[in-house]
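[1] Structure here, sequence nowhere to be found:
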């Protein structure tokens, strides 16, 4: 795959690491293996969020000459790009999850009986009500606590992502009026204040699927993009306000997780920074930069979205099968973990590669064709 002029292959590598983190973290949770950091898959989601904020700001700024921010066509084109990036594969996986929901609930119940600390409400997997379907197809489920965590997919973050896409063009318009740093810092402050003005709303969600709970992390990614673009450390320092906001909001976050949010911001910026002189800092980050640019990691990034949506549909039945047909529950937690990873990893990544090639990429190509045709039609109308 050719890399565009302004594209950093390290970004794909980071996306691959994020999806692998979530995949391995969910296995650790489900087999009750308490591996530090790895067993916190929501940190992998935070890495996805930082990457999303970074990429949206980077691409929007780079396209500004051809796609002016104040033009309604620019906003519509942005939304269409993001919709066709997310929706086609999501709809396929949502259908599979709903059809297999009762079965997945049974598998999850077997796991919960073996490891009581992992118990969850399994009836949510089999909710095929009209409202559950409607809210998921329209991507509004993330704003509704009763539907935000209501399928066998880890799709609460998909609803969160779509909310960010909805707001993003308007955030960029605000930056034109009030300045990039001022606007984003004020928004981070507002979501922190909102936590205490509207505590019930923030606490109603079983997962942080409502945009106000995680907007500060998206904003941190945006600030990092500007830091790298301008090579200004001030924006990195402002991005580090995001973990402070996480601590202030105090929604199911401990001090270790907050530290790792800060670590990811610094580490990601260090890898992506445009070093002009080969100093000590450049040498420190050269190894992770080289590693994340390696074809293996960029491939992990290519299939990351497919892996993210697919993995629980494979992992839960595999663990339940092992519990029913082997003495895995009596093994050490480390042995359970390694066995499950060894079985699930090749299956998940093989199927994810097929999903990426035959569904995900075709959905993206369809979106590009529709956007191109709309632009051609509007140009023809303007000339007539």
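    That came through, no problem. Please read these numbers as outputs of a predicted model, since none were measured by experiment.

[2] Helix or strand: which one has the closest residue in space to residue 331 that isn't next to it in sequence?
    Spatial nearest neighbour of residue 331, excluding adjacent residues (C-beta to C-beta, 6 or more residues apart in numbering): residue 339 at 7.4 Å. To be clear about C-beta, it is placed using only N, CA and C from the backbone, and glycine gets the same treatment. Following DSSP states H and E, one finds residue 339 within helix 333-355.

[3] List the buried residues in that helix.
    336-337, 339-341, 343-345, 348-349, 351-352, 355 (16 or more other C-beta atoms under 10 Å).

[4] Then stretch 227-246?
    Buried residues in stretch 227-246 (16+ other C-beta under 10 Å): 227-229, 235-236, 238-243, 245-246.

[5] for the stretch 1-150 of the chain, what spans make up the helices?
    For the stretch 1-150 of the chain, the helices defined by DSSP state H, counting those that start in this stretch occupy 9-30, 41-62, 72-99, 101-114, 130-137.

[6] Equivalent analysis for the stretch 251-384 of the chain, please.
    All helices of the stretch 251-384 of the chain, identified by DSSP H, counting those that start in this stretch, fall at 255-272, 280-293, 295-302, 304-325, 333-355, 361-383.

[7] average pLDDT for the shortest one?
    Per-residue pLDDT over helix 295-302 has a mean of 96.

[8] Summarise which helices and strands that helix is packed against.
    The contact analysis (3 or more C-beta pairs under 8 Å, 6 or more residues apart in numbering; DSSP states H and E) places helix 295-302 against helix 9-30.

[9] One more: the second one?
    Helix 280-293 is packed against helix 9-30, helix 255-272, with contacts defined by 3+ C-beta pairs under 8 Å, 6+ apart.

[10] Kindly report the same for the fifth one.
    Under the contact definition 3+ C-beta pairs under 8 Å, 6+ apart, helix 333-355 sits against helix 9-30, helix 72-99, helix 304-325.

[11] helices or strands up against the longest one?
    If you count contacts as 3+ C-beta pairs under 8 Å, 6+ apart, helix 72-99 packs onto helix 130-137, helix 156-178, helix 304-325, helix 333-355, helix 361-383.

[12] relative orientation of it and helix 156-178 in degrees?
    Counting by axes from the mean of the first three to the mean of the last three C-alpha atoms, to 10 degrees, helix 72-99 lies at 170 degrees to helix 156-178.
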